[in-house]
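1. Can you look at this prediction? I've put the sequence above it.
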Amino acid sequence: MTKNELKYYSSLQKKKHRKTEGKFPVEGAKLIREAIESEFICEIVFYTHLFEDKYGEFLEYLKFKGCKSELISQKELERLSDTETPQGIIGIFSEKNVSTSNANPQFLLALEDISDPGNMGTIIRNADWFGLKKIIASNNCAEIYNPKVIRSSAGSVFHIEILFSNDFYDLLAGLKKDGYIVLTADLKGESIYEFTPGGKIILTLSNEAKGPSDKLKSITDKLITIPGGGRAESLNVASASAVLISELARKI
C-alpha cells in the first residue's frame, strides 16, 4: 500500500469523505461477509499476517467471491480502523443506490433525528430481526455507513432498505394519504398492549433526549407508549424499539 492509498482509505473514517467518495470501510470478517452476501460491491480487503495465520480460510472465501485483497502491516491497519483493537481485516465497499420505486410494505419504521450511532444501529438490527423491510429516516439521523452504526447493527444495515429523506415529514404525510396510520412513540401515549392496528402502519421513533417534534406530532394519528412498573425515567429508544416493533409485528 502506498502512502497516498493509506491516506485515502483512512480518510473514509470521516463522514464527509465517505459521502464524497460513496465508499465506506467494514471491519471484521463477519461483517465483511454480510456485506458481500448482500451484494455490496467490494473494492478491496486489507488484512494482516496475524489474521492470515488464524483465518486463512476466509481469505480463500474472498478469492472465491472475486474480491481483491492485500496484505498490510498492523500499523497500517490501525490507521484504517476506528477501534482500539482492530480485528485484523478491513474491507472497502461502495454504497448502494436506494430505489424508491418498490411498493411500500404494510409495516414501516420511521426515525426522527436518531443521532446516536449505537442507537441507530441497534434499531436497524431490531427491525431486521422482526422482519421489517424498509426504514425511512430524517437527515439528522446517524449515517448508516458510520462504522459504529454498522457494528451495532451486526450487519443488518446490509439487509434492510433505509431511505434518508430531505422531505421526511412531507413523505410521512403523503403515506398517510395512501392509507397509512402514523403511530409515534411518546411517554404520554396509549399503551402499546391495548392498541390494535387496523391496517397499514408507520411506527415513528424520535431522539430520546428531545422526544417527538411538534411537526411530527401534527401528522401523528396516535401516540403510543410502553407502560412501565419501575422507577426508571424512560426506556432507551433502542430498547423501546424492540418492544414496540415486536408487539406491532405480532398484531399485523
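-> All right, it came through fine.

2. And the helices in the stretch 101-250 of the chain?
-> 117-129, 147-152, 168-177, 214-218, 237-251 (DSSP state H, counting those that start in this stretch).

3. Residue 54 is nearest to which of those?
-> helix 147-152 (20.0 Å; C-beta to C-beta). In short, each C-beta sits where N, CA and C put it, glycine included.

4. mean confidence for the closest one?
-> Mean pLDDT, helix 147-152: 97.

5. now what about that helix, what contacts it?
-> Where contact means C-beta atoms under 8 Å, 6 or more residues apart in numbering, the residues beyond helix 147-152 that reach it are 13, 24-28, 31, 82-83, 117-122, 124-125, 142-144, 157.

6. mind exporting it as CSV, just the C-alpha atoms?
-> Output of helix 147-152 as CSV, limited to C-alpha atoms (Å, rounded to 0.1, in the frame of the first residue of the first chain):
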residue,chain,number,x,y,z
PRO,A,147,-18.6,2.3,11.4
LYS,A,148,-20.3,2.4,14.8
VAL,A,149,-23.7,2.0,13.1
ILE,A,150,-22.5,-0.9,11.1
ARG,A,151,-21.1,-2.7,14.1
SER,A,152,-24.1,-2.1,16.4
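
7. how about the strands in the stretch 51-200 of the chain?
-> For the stretch 51-200 of the chain, the strands defined by DSSP state E, counting those that start in this stretch occupy 69-71, 89-94, 107-112, 134-138, 161-165, 181-191.

8. how about JSON lines for the ones you listed, with mean pLDDT and distance to residue 18 added?
-> What follows is the strands of the stretch 51-200 of the chain, written out as JSON lines (pLDDT from 0 to 100; distance: least, C-beta to C-beta, whole Å):
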{"stretch": "strand 69-71", "mean pLDDT": "97", "distance to residue 18": "20"}
{"stretch": "strand 89-94", "mean pLDDT": "98", "distance to residue 18": "10"}
{"stretch": "strand 107-112", "mean pLDDT": "98", "distance to residue 18": "19"}
{"stretch": "strand 134-138", "mean pLDDT": "96", "distance to residue 18": "16"}
{"stretch": "strand 161-165", "mean pLDDT": "93", "distance to residue 18": "13"}
{"stretch": "strand 181-191", "mean pLDDT": "96", "distance to residue 18": "30"}
